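**Q** just the structure for this:
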Amino acid sequence: MSRVNLAEKLTLFSDHWVPKVVSTFNGHDVMVVKLKGEFTWHSHPDTDDFFLVLKGRLTIRLRDGDVHLNEGEMYVVPKGVEHCPVAEEEVHVLLIEPTGTPNTGDPSTAATITPL
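**A** Residues are numbered from 1 along each chain as shown. Okay, the predicted model is just below:
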C-alpha cells in the first residue's frame with residue numbers, strides 16, 4: 001500500500017454523489033466523493049455514517065435540526081438516524097463505511113462504489 005493524496009484523487013473525477021474508494025482498512029472503505037445539491041433522505045440501519053469535509057461546506061439535515069460542517073470538520077450520523085446531506089456549492093468529502101454499505105441505505109437505489 002502506498003500513500004494516498006486525497007486532493008489528487010479528487011481531480012480524477014467530476015461526478016457528484018458517487019463515492020470512490022481510495023483505500024480499505026479493517027473491512028471498511030475509505031472513500032472520497034464530490035457532493036453538490038441535495039441528496040435523498042435515508043438512513044443506514046446497521047452502521048454509523050462518517051463525514052469529513054475536505055473542501056467546502058456541507059449541511060447534514062436531520063429530522064431534529066441541521067448540522068453545518070466547514071472544511072476540516074467531521075460528523076458521525078448514528079446508525080438508524082435519517083439524514084439528508086446538502087451542498088449548496090461543490091464540496092469534497094472523505095467517507096468511511098463498512099465495505100458494501102449502500103450510500104442511500106438501500107442497495108436497489110445506491111450508487112455503484114468503485115475504486116480510483
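**Q** the one helix or strand in the chain whose mean pLDDT sits lowest packs against which elements?
**A** Scoring the helices and strands of the chain by mean pLDDT, DSSP states H and E places strand 114-115 at the bottom, with a mean of 78. The contact analysis (3 or more CB pairs under 8 Å, 6 or more residues apart in numbering; DSSP states H and E) places strand 114-115 against strand 20-25. C-beta: built from backbone N, CA, C; applies to glycine.
**Q** give me the distance between the two termini of stretch 11-23.
**A** 16 Å (CA to CA, to the nearest Å).
**Q** so what's Pro45 up against?
**A** Residues near Pro45 by CB atoms under 8 Å, 6 or more residues apart in numbering: 79-80, 105.
**Q** state the pLDDT value of Met1.
**A** Met1 is assigned 66 on the pLDDT scale.
**Q** likewise the one 3 residues further on?
**A** pLDDT, the model's per-residue confidence, is 95 for Val4.
**Q** before we move on, the earlier item: run the chain-centre distance for the least confident helix or strand of the chain.
**A** Taking CA atoms, centre = their mean, to the nearest Å, one finds the center of strand 114-115 at 14 Å from the center of the full chain.
**Q** name every strand pairing with that strand and say which way it goes.
**A** strand 20-25 (parallel) (DSSP bridges).
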